[in-house]
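**Q** predicted model and sequence below, questions to follow.
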Amino acid sequence: MVLRIVLGSAAAVLGGGRSGSRALAAASTTPTGPMTAARSFFRARGGVASSTESKTALAFVHSWGPTVPKQQRRRAQHQQHLSAVQQGHDRSRRPAAGASGAPLGGTSSSSGRGQQRRGGGGGGSLRLSSTAAGGPGGEGKGFWTEDEEVVGFEEPPSSTLFRERGTGGTSAPPIAAWDGDAADAGEAGFLQEEDDETEWMAGQEVDPEAEAIFFGDRVPFSDLGLSPALCGHLEALGIGGSTAVQAAAVPGILSGEDMIVGAETGSGKTLAYLLPIVERVLRGQAVAKDLPDELLGNARGWPMFPDVVVLVPNKELCDQVHSVLKGILKALNADGITGVTAAAKYGSSYEYPFSPNKPAPSILVCTPSFLHKYTNMKAIPLFCKATTLVLDEADMLMEGSYRKQLDDILVAFRRADRVMVEEGPIVDGRGRKRGIDKTQYVLAAATLPTYGLKSVDQYIKRAFPNARKIQQVHMHRHHPAIQQNFVEVGGQVFDKIQAVIDLLRDTVSDADTSRTMVFTNTAASCKRAYEALAEEGFSVVPYHKDIVPLERLANLHALRSGRAKILVCTDLAARGIDVPSVTNIVQMEMATNVVQHLHRLGRAARAGRTGKATNFYDDLTKDLVNSITEVGEGSRLDGSFSRQRGFRRKFKKYGPSRRYQG
Ligand SMILES: Nc1ncnc2c1ncn2[C@@H]1O[C@H](COP(=O)(O)OP(=O)(O)OP(=O)(O)O)[C@@H](O)[C@H]1O
């Protein structure tokens, strides 16, 4: 397989053919006593269960009556697993408990310890960044000590991100260090092999090499420290092994580290953070249920606050992440594990959403505008109990209008940390994140621009100085499983619409099960393209800001279900949207910068599939296209990320009136 970039004229390209819990029982029975066990546990992962949740956890641990044998087996495995994990907690944190700031983590050996203990195995070893973003790396954040037995993921993940063709051997590591040097290791890879060509694949077919990139070594989830209950559910869904990024991220998130997870689009980042946070909430509930009331105090009666907050930029992603989460929780519920709950919240209502009668979910998925409203609640903010904050599409949340909201949210989280963190019993009835140093931050992104003083990279260095970063080698490069064509067309909108119609006549057929996304730059051109395509008889639905959210969701659903084959959209659909059957991307109007270009194309070639992209460009976007195509197929595109400024200048000079309203 090779990534092929073709520049050409519309005619030439359009004429071409197709190519392409009782664990925690340990907490109360441990020789050191429940108080110490609880402190140590909470220090490690945090989490306080509400009374409802505790009861559920209690039921889940104690009421294993004779039921379906499979369920029994899973629960028994789950119990054993949790006990083992708890023992691991106690052992591994002993040295750290007395010596505050003892550097358990932060060095290369400790921060990546789960992975680095893997028994070698040649060039395919997993390499994780050991460098902290800005400060002393991960001090005191470690979970497993170097000399302790590793429980849960004895066999840390190894991964072969790509294989050298012909030799069947391994080449560059799947995860490179954050810095440019190590990331360049990927340049020796298959991206440079130009003699082979990927056949254009329709529908759901999975390409073996793209699959190898996606899955790496397909490390079993059970080896990553996840409980049998969760693993069993994943198997039932046909998810037999972790993807490369999941293998790299899950152990760290599970251990409570701050983490920045950078990996190309469609690599499975959502499950990479959802699975460990569900596991952590489960563990916390299992511990909390055995703790005496005098220890947990009012925390038991705090049902109005979530344990984890997942922040995503918009409603659509909010619903998408929530539905993935619901899928996991539904299967757990079927196994009798009902303590973890989830909800998606967005919108502008100022009413406090939860109450003792209407408890908060354990995991709240929401937008910045929803959460921002509660940042001024100085006494007890909505997220006072939250032990983990996840930022999905982190770079987007750190730019533009989201940035100010995120600033306020982070300040409020830190204020809550200061007010709430305190070891020992709750005495004043306020409830605290006892024993937890601070909120755990997890950032997930497919792009993390490094240019400029106000860059996302700089923001992360300042805001999350101790976070450990992992970065997949294909990040910030041309997607290895997408074949790209660049086609020059006229500058008027109708020129572009005509080019799209000609292209789709050639590539979309009734028998074809794959879906196409056509990207435009404005709602106006999106409407025009939609009308023209509908008139031509294409099965098409629109998606832009002028369409009400419910209709947008319905249109997205139509694309997923196959009722529509083509979605004509703006950049509103460029990020995060996961429709696995999308294999064909058309940029009717070229993206205005490289970051958006990568995200748009990333709607295809998901989960080990291949994809094809046709990028129509005009005079105005020639510079941008040159900067994209100049970069070698395996090289990093970061250098071109700032090209949007040049484009903006031109846009200002010639204006949308001349070119973009045509
Ligand atoms: N372990 C796995 N096995 C099989 N499929 C998986 C696995 N993990 C994730 N997937 C599938 O991979 C697809 C992409 O996952 P996901 O949406 O999490 O990607 P992403 O990295 O967040 O992409 P983006 O950066 O575009 O948001 C989804 O359809 C998901 O169901």
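**A** Noted; the coordinates are in hand. Numbering: from 1, shown residues only.
**Q** only C-alpha atoms for contact and neighbour calcs from this point on.
**A** Noted.
**Q** neighbours of the nearest residue to A604 once chain neighbours are set aside, how many?
**A** Spatial nearest neighbour of A604, chain neighbours left out: T583 (4.7 Å); criterion: CA to CA, 6 or more residues apart in numbering. T583: 29 surrounding residues under other CA atoms under 10 Å.
**Q** give the pairing partners of the helix or strand containing T583; include direction for each.
**A** Per DSSP states H and E: T583 is located in strand 582-587. In the sheet, strand 582-587 lines up against strand 515-519 (parallel), strand 611-617 (parallel) (DSSP bridges).
**Q** neighbouring contacts of it?
**A** For strand 582-587, contacts defined as CA atoms under 8 Å, 6 or more residues apart in numbering pick out 201-203, 500, 514-520, 600-601, 603-605, 609-616.
**Q** what's the burial count for the residue of the stretch 351-500 of the chain found nearest the ligand?
**A** Taking CA to the nearest ligand atom as the measure, the point where the stretch 351-500 of the chain comes nearest the ligand is A446, at 4.7 Å. A446 has 28 neighbours, counted by other CA under 10 Å.
**Q** likewise for the one 5 residues further on?
**A** In terms of burial, Y451 registers 15 neighbours under the definition other CA under 10 Å.
**Q** related to what we said a few turns ago, what sits against the residue of the stretch 351-500 of the chain closest to the ligand?
**A** Applying CA under 8 Å, 6+ apart to A446 gives the contacts G262, A263, E264, T265, E393, M475, H476, H599.
**Q** check these against the ligand, which are close?
**A** Filtering the contacts of A446 for proximity to the ligand (criterion: CA under 6 Å from any ligand atom) leaves E264, T265.
**Q** and the contacts of A446, which of them are in helices?
**A** Judged by DSSP state H, helices contain the following of these: H599.
**Q** from what I see, G225 and A249 are in contact.
**A** No - using CA atoms under 8 Å, G225 makes no contact with A249, being 11.4 Å away.
**Q** when the two are compared, which one has more neighbours?
**A** Ranked by neighbour count (other CA under 10 Å), G225 and A249 place A249 first, with 30 against 25.
**Q** circling back to that earlier point, got a markdown table for the strands paired with strand 582-587, with mean pLDDT too?
**A** Shown next, in a markdown table, are the strands paired with strand 582-587 (pLDDT from 0 to 100):
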| stretch | mean pLDDT |
| --- | --- |
| strand 515-519 | 96 |
| strand 611-617 | 94 |
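**Q** and these as JSON lines, adding distance to S525 and mean neighbour count?
**A** Below are the strands paired with strand 582-587 laid out as JSON lines (distance: least, CA to CA, whole Å; neighbours: other CA atoms under 10 Å):
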{"stretch": "strand 515-519", "distance to S525": "10", "mean neighbour count": "27"}
{"stretch": "strand 611-617", "distance to S525": "14", "mean neighbour count": "26"}
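**Q** can I get these in TSV including distance to the ligand?
**A** Shown next, in TSV, are the strands paired with strand 582-587 (distance: least, CA to the nearest ligand atom, whole Å):
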stretch	distance to the ligand
strand 515-519	14
strand 611-617	13
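**Q** domain ranges for this protein?
**A** The chain breaks down by the TED database into domains covering 209-426+433-471, 482-654.
**Q** for those domains, which has the smallest mean pLDDT value?
**A** Among the domains of the chain, domain 209-426+433-471 carries the lowest mean pLDDT, at a mean of 83.
**Q** quote the end-to-end distance of stretch 625-640.
**A** 10 Å (CA to CA, to the nearest Å).
**Q** got the residues of the stretch 201-350 of the chain near the ligand?
**A** Those residues of the stretch 201-350 of the chain that sit near the ligand, judged by CA under 6 Å from any ligand atom, are I239, G241, S242, T243, E264, T265, G266, S267, G268, K269, T270, L271.
**Q** what's the most distant pair in these?
**A** Pairwise distances across those peak at 19.5 Å for I239 and E264 (criterion: CA to CA).
**Q** can you pull the contacts of the residue in the stretch 501-650 of the chain that the ligand sits nearest to?
**A** Taking CA to the nearest ligand atom, the ligand has its nearest neighbour within the stretch 501-650 of the chain at G576, 3.3 Å off. G576 makes contacts with T265, L317, E393, H599, R603, as judged by CA under 8 Å, 6+ apart.
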